[in-house]
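Asker: Sequence plus the predicted model coming up.
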Amino acid sequence: MGTEITLDVAGLTLAWSKNSRGQDHGMLFQEKDRQRTPSDQIDYDWFAKNKEDPGPMEIGFCRSLREVLPRIELLGFTLDHVRREYERCVKAYGADRDDANGKKAPPPMSFSEFVAFATAHPLETLDDTYDDDDSRMRGRFSDEALTQRIPRHWDYDMLAYSERSYFGRLIDILSPYAMLRLLAQNPANLEADVAWQYGPLVEAGWATESEFVPEARRRQTFLVATEGSSDAHILKHGFSLLKPEIYDFFRFIDVSERHPFPGTGNLVKFAEGLAKIDVQNQVVFLFDNDAEGLDAYQRVLSLNLPSNMRAMMLPELKQFLAFPARGPDGVKTADINRRAAAIECYLDLESHNDVTAKVIWTTYKKELDAYQGALENKENYAKGFLRQTSQTVGAGTYDVSKLRAVLDALCAECQLIPEEALQAIPWPPNEW
């Protein structure tokens, strides 16, 4: 009979393999997700009778869809990608939807209709009890006038045994990770478990545990190139505190001793060099939200970077529209977006209660008709942040709202790199 291994969400199978590991899903998980979970492939009565521990067979990876969601988006499976997959599916299978007598099938659902259909009911509310009665098995999805509007429609009863499995067969027309992203549109599904249980396969001798490795693969990670060492330290610590569920997707240039490409000018040269030698790594060049950063960012954009590289600036924030700034006329409020907002400005600037944070205008950039500024005593703010822990951040004693905006913007930029590569994959995907 053999042994199956599946990728499931709330007990709904999205991908499977028999007698081999099949598609690698390790990048959806981290080491902390390796745990024991019950399996319907285990004869628990036998283990109880023989007083043996079923633990080795229960081992696998499991984490909530909420934590898997940002990981699949960094793999390129954004909602926009799901829409493109659906539209390609409609195009690919439109001609096959007419019956043998040439009767025209009803028009396929629009993407918005398909999303509404797939997310109308939380997965956990669908009955998963075995039932061989077709009408009861179809449950809430018995309206064929509606279900026949789904691309790739066929007789779903063949492989279904319950309302939940029947629903899964109805909507299983996209790649597995696109399905996960689609189902995440229902907030009630976010707490559902995504599981890849390999214990039964390993114990049966079809695979070894060494084949099941968590965390992002090297070609799936993003090298974030920054202007200085402070930027790299702050971002790395920020991910560990605010987004630990995707920490392993990001790499930074080794700045333990010194930054090999300090300053905006050197970072531009670094970008130009990588673009010319056709480096295949996914790279994001991150510039400060100041005058020098804007100038460098525009120069990098003119390089026509390859699709695996992108450039961005730290995001403009409303908090910077009226920021204390010292110039020849003393301290006045000014808009420091694109003029003086380096990474330290996105930290908690009120953590030093006895000091009012302010920037100091320094150099006039003629080509931009703007002054460059720098945050006064920025090193102190950086040191203060690097001392923060998950406990202090969780307690709300340190304001991370601006830094969170930076990480969100960086993630959004990174998502565009693999998403573009996915568009070039032939349709349908090979695993079908």
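Answerer: It's in. Keep in mind that what you see is a predicted model, and the values were worked out from it rather than measured.
Asker: Under the pLDDT cut-off, which ranges of the stretch 1-150 of the chain? List them.
Answerer: 1, 94-103 (pLDDT under 70).
Asker: where exactly do the helices run in it?
Answerer: 44-49, 55-58, 65-74, 79-93, 111-118, 134-138, 144-147 (DSSP state H, counting those that start in this stretch).
Asker: can you list those in CSV and add mean neighbour count?
Answerer: C-betas here are computed from N, CA, C, even on glycine. Below are the helices of the stretch 1-150 of the chain laid out as CSV (neighbours: other CB atoms under 10 Å):
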stretch, mean neighbour count
helix 44-49, 11
helix 55-58, 16
helix 65-74, 21
helix 79-93, 18
helix 111-118, 17
helix 134-138, 15
helix 144-147, 12
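Asker: nearest to Gln372, of those helices?
Answerer: helix 65-74 (32.9 Å; CB to CB).
Asker: would you list the helices of the stretch 1-150 of the chain in CSV and tack on distance to Pro38?
Answerer: Shown next, in CSV, are those (distance: least, CB to CB, whole Å):
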stretch, distance to Pro38
helix 44-49, 8
helix 55-58, 7
helix 65-74, 19
helix 79-93, 31
helix 111-118, 27
helix 134-138, 24
helix 144-147, 32
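Asker: of the ones you listed, which approaches Gln35 most closely?
Answerer: helix 55-58 (8.4 Å).
Asker: helix, strand or coil for Ala325?
Answerer: Secondary structure state of Ala325, per DSSP: H, G, I helix; E, B strand; the rest coil, is strand.
Asker: Dig out what the closest residue to it other than its chain neighbours forms beta bridges with.
Answerer: The shortest distance from Ala325 to any non-neighbouring residue, by CB to CB, 6 or more residues apart in numbering, is to Ala334 (4.3 Å). Ala334 has these beta-bridge partners by DSSP bridges: Phe323.
Asker: Kindly confirm whether my reading is correct that Ala334 touches Ala322.
Answerer: Yes. Using CB atoms under 8 Å, Ala334 is in contact with Ala322, at 7.4 Å.
Asker: higher neighbour count, these two?
Answerer: Ala334 (21 against 12; other CB atoms under 10 Å).
Asker: which residues touch the more buried one?
Answerer: Contact analysis of Ala334 by CB atoms under 8 Å, 6 or more residues apart in numbering lists 322-323, 325.
Asker: would JSON lines of the residues you listed with distance to Ala145 and pLDDT be doable?
Answerer: Below are the contacts of Ala334 laid out as JSON lines (distance: CB to CB, whole Å; pLDDT from 0 to 100):
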{"residue": "Ala322", "distance to Ala145": "58", "pLDDT": "96"}
{"residue": "Phe323", "distance to Ala145": "59", "pLDDT": "96"}
{"residue": "Ala325", "distance to Ala145": "65", "pLDDT": "95"}
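Asker: and which of those residues is nearest Phe250?
Answerer: Closest to Phe250, out of all of the contacts of Ala334 and judged by CB to CB, is Phe323, at 28.2 Å.
Asker: can you pull out the helices in the stretch 301-432 of the chain?
Answerer: So, for the stretch 301-432 of the chain - with DSSP H, counting those that start in this stretch - the helices run 378-386, 390-394, 401-422.
Asker: Go through those and name the closest to Arg84.
Answerer: helix 401-422 (8.3 Å).
Asker: for the closest one, packing partners?
Answerer: helix 65-74, helix 79-93, strand 222-225, helix 229-242, strand 282-287, strand 309-313 (3 or more CB pairs under 8 Å, 6 or more residues apart in numbering; DSSP states H and E).
Asker: Tell me which of these sits nearest to Phe252.
Answerer: The closest of the helices and strands packed on helix 401-422 to Phe252 is helix 229-242. By CB to CB, the value is 4.2 Å.
Asker: and Ala296, what does it touch?
Answerer: Contacts of Ala296 (CB under 8 Å, 6+ apart): 227, 264-265, 267-268, 287.
Asker: now stretch 337-344: how far from the chain's centre is it?
Answerer: Mean C-alpha position of stretch 337-344 versus that of the full chain (CA atoms, centre = their mean, to the nearest Å) differs by 27 Å.
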